[in-house]
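A.B. asks: Here is my input; please provide its structure:
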Amino acid sequence: MLTDIERLTDAQFLRLFQAKRFLVTGATGNVGRHVVNELLENGYLVRALTRDARRANLPAGVEVVEGDLTRTETFERALAGVAGMHLITIGGDDYTPLDNGAEIVQLARWEGVQRICVLSDGRTGSVEAAVEASDLEWTILQPVDLMSNTLGWIKSIRSSNVVREPYGSMARTLIHEADVAAVAARILSHGGHARKTLKLTGCEVLTIPDKIKAISAATGKPIRYVEVSEEHTRQSMRELGIGEDVIDYVVAWNSNPPPEGRAVTGNVQQVIGRPPRRFSHWVKEHAPLFM
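C.D. replies: Below is the predicted model of the structure:
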């Protein structure tokens, strides 16, 4: 019986042999899964770093390697033979920034990594500081607000058709996580935008009621918005095990977004050559989850 490799034509084998390999950290996350898919679909070899390979559920052809970003020694082998790395800046479920950025970047240099694309939440932590001080080809991506954050409303919408959030009148930009991934994959594979920080947004600025209206239209559910206090939000985050420093950051950003959080940029189209997706597109993809 022929193996998959033996079935390849000479041209296919040559492309496989010459393909670059990229490491995707946070590969099972909302953005990371799309980065994996983008790279695979464009013919690149993908190695995915995850803390639990048994639960990764990644596409066939992905090399899944277990490792923990908070413990540099656990993923040294994952960097071997890698041309570029998609690097996240948090290392756990509590959204705490990594404190070993210098070690990660130094390890990447030792292993011959040439290019790093950092997915940052806007805070300047150890990862951002380390890549900016390095001689590597780096780009920092700062998506202002991911559409996937709306998935936090699933429970309340499914149970009572209600969304409870503060600051409902505050309009913000947001971006489809697949568009962030497309930008990351393009920069990793083709270069460009080296030593730059790119603010990434979608093509529209929306309030919470605007988003609820789109979900209602896609699901046919009469969803109500109930504005709650800041302390209600803080307590809800505490119950999820999120630390006070992270809570302070999230509350401050949502209550008074910086200028880049309220204005559309053209960075997505500049990198990938097409406009970013609208929120209504995201909602149609995810409508069953709210039903």
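A.B. asks: ok, G92 touching R71?
C.D. replies: No - assessed by CB atoms under 8 Å, G92 is found out of contact with R71, at 11.2 Å. For the C-beta atoms, the positions are set from N, CA and C on the backbone; glycine is no exception.
A.B. asks: Look at these two and report which has more neighbours.
C.D. replies: For G92 versus R71, neighbours defined as other CB atoms under 10 Å are more numerous around G92 (14 against 11).
A.B. asks: which one's the longest helix in the chain?
C.D. replies: The helix of greatest length in the chain, counted in residues with DSSP state H as the criterion, is given as helix 177-190.
A.B. asks: Going C-terminal from that helix, what's the next secondary structure element?
C.D. replies: Beyond helix 177-190 in the direction of the C-terminus, DSSP states H and E gives the next helix or strand as strand 196-200.
A.B. asks: buried ones in that next one?
C.D. replies: Neighbour counts over strand 196-200 (16 or more other CB atoms under 10 Å) mark T197, L198, K199, L200 as buried.
A.B. asks: which one of those is nearest S156?
C.D. replies: Lowest distance from S156 to these (CB to CB) belongs to L200, with 27.6 Å.
A.B. asks: Could you check how far the closest residue to the closest one other than its chain neighbours is from L174?
C.D. replies: Excluding the flanking residues, the one nearest L200 by CB to CB, 6 or more residues apart in numbering is P143, at 4.5 Å. When CB to CB, to the nearest Å is the yardstick, P143 and L174 sit 8 Å from each other.
A.B. asks: Can you tell me how far H193 is from A184?
C.D. replies: Computed as CB to CB, the H193 to A184 distance reads 11 Å.
A.B. asks: Settle it for me: which of these two has more neighbours?
C.D. replies: Set side by side, H193 and A184 show more neighbours around A184, with 29 against 20, by other CB under 10 Å.
A.B. asks: Now do stretch 272-290: distance from first to last residue.
C.D. replies: With CA to CA, to the nearest Å as the measure, stretch 272-290 spans 30 Å from end to end.
A.B. asks: mind listing what's buried in it?
C.D. replies: I272, P276, R277, R278, F279, H281, W282, V283, H286, A287, F290.
A.B. asks: quick one: low-confidence ranges for the stretch 51-200 of the chain?
C.D. replies: Along the stretch 51-200 of the chain, the model assigns pLDDT under 70 to residues 93-94.
A.B. asks: For it, just list every one of the strands.
C.D. replies: According to DSSP state E, counting those that start in this stretch, the stretch 51-200 of the chain carries its strands in the segments 63-66, 84-88, 115-119, 137-143, 162-165, 172-173, 196-200.
A.B. asks: any idea of the angle the second one forms with strand 137-143?
C.D. replies: To tie it back to what came earlier, the one meant is strand 84-88. If you take axes from the mean of the first three to the mean of the last three CA atoms, to 10 degrees, strand 84-88 sits at 40 degrees to strand 137-143.
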